[in-house]
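Enquirer: pasting a predicted model and its sequence here:
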Amino acid sequence: QVQLVESGGGLVQAGDSLRLSCAASGRTFSSYVMGWFRQAPGKEREFVAAISRGSISTYADSVKGRFTISRDNAVNTVYLQMNSLKPEDTAEYYCAAKGSGTVYSHGGYDYWGQGTQVTVSS
């Protein structure tokens, strides 16, 4: 069982940066593929980024070059550095973990956090 708690969301202006954090419970954090997803009002949840056990990362085309996912296994935390934020990045951001599969598959996540809101004003 893994519990995930996101933090770092907020209200920013277009062009600003934010760093989201996701703290995970449990002693097997390093064995999980970790992902970030987001859901905007009235839209389906979408993949943002994922990082493998060995820190290989993948990104949605919409955030490639602006967002960076990273992980620190020593403190059971995954991060999402978001730069050059745009109004269309406004969404609830969720952290997720899966014990099997790869970063190349966007499905199969077993555990989800409660989300943190990111709002980008124009």
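Expert: Looks like it came in fine. Since the structure is predicted, the reported quantities are computational estimates derived from the model, not experimental observations.
Enquirer: can you give me the strands in the protein?
Expert: In the chain, the strands defined using DSSP state E lie at 4-7, 10-13, 18-24, 33-39, 46-51, 57-59, 67-72, 77-82, 91-98, 111-112, 116-121.
Enquirer: can you tell me the closest non-neighbouring residue to the one residue sitting closest to the centre of the chain?
Expert: Centroid check for the chain by Cα atoms, centre = their mean gives Trp36 as the closest residue, at 2.3 Å. Of all residues not flanking Trp36 in the chain, Val48 sits nearest, at 4.3 Å (Cβ to Cβ, 6 or more residues apart in numbering). Every C-beta, even on glycine, is put in place using the N, C-alpha and C of the backbone.
Enquirer: got the contact list for that neighbour?
Expert: 35-38, 59-60, 63, 67, 80, 93 (Cβ atoms under 8 Å, 6 or more residues apart in numbering).
Enquirer: please report the distance of Arg38 from Asp89.
Expert: Separation of Arg38 from Asp89 (Cβ to Cβ, to the nearest Å) stands at 8 Å.
Enquirer: what do those two both touch?
Expert: With Cβ under 8 Å, 6+ apart as the test, Arg38 and Asp89 both reach Val118.
Enquirer: who does the closest residue to Tyr104 other than its chain neighbours form a beta bridge with?
Expert: Spatial nearest neighbour of Tyr104, chain neighbours left out: Thr58 (6.4 Å); criterion: Cβ to Cβ, 6+ apart. Counting by DSSP bridges, Thr58 forms beta bridges with Ala50.
Enquirer: so, low pLDDT: which residues of the chain?
Expert: Across the chain, nothing is flagged by pLDDT under 70.
Enquirer: burial of the closest residue in space to Val5 that isn't next to it in sequence, as a residue count?
Expert: Excluding the flanking residues, the one nearest Val5 by Cβ to Cβ, 6+ apart is Ala23, at 5.0 Å. Ala23: 16 surrounding residues under other Cβ atoms under 10 Å.
Enquirer: quick check: Ala23 touching Leu4?
Expert: Yes. Between Ala23 and Leu4 there is a contact at 7.3 Å, judged by Cβ atoms under 8 Å.
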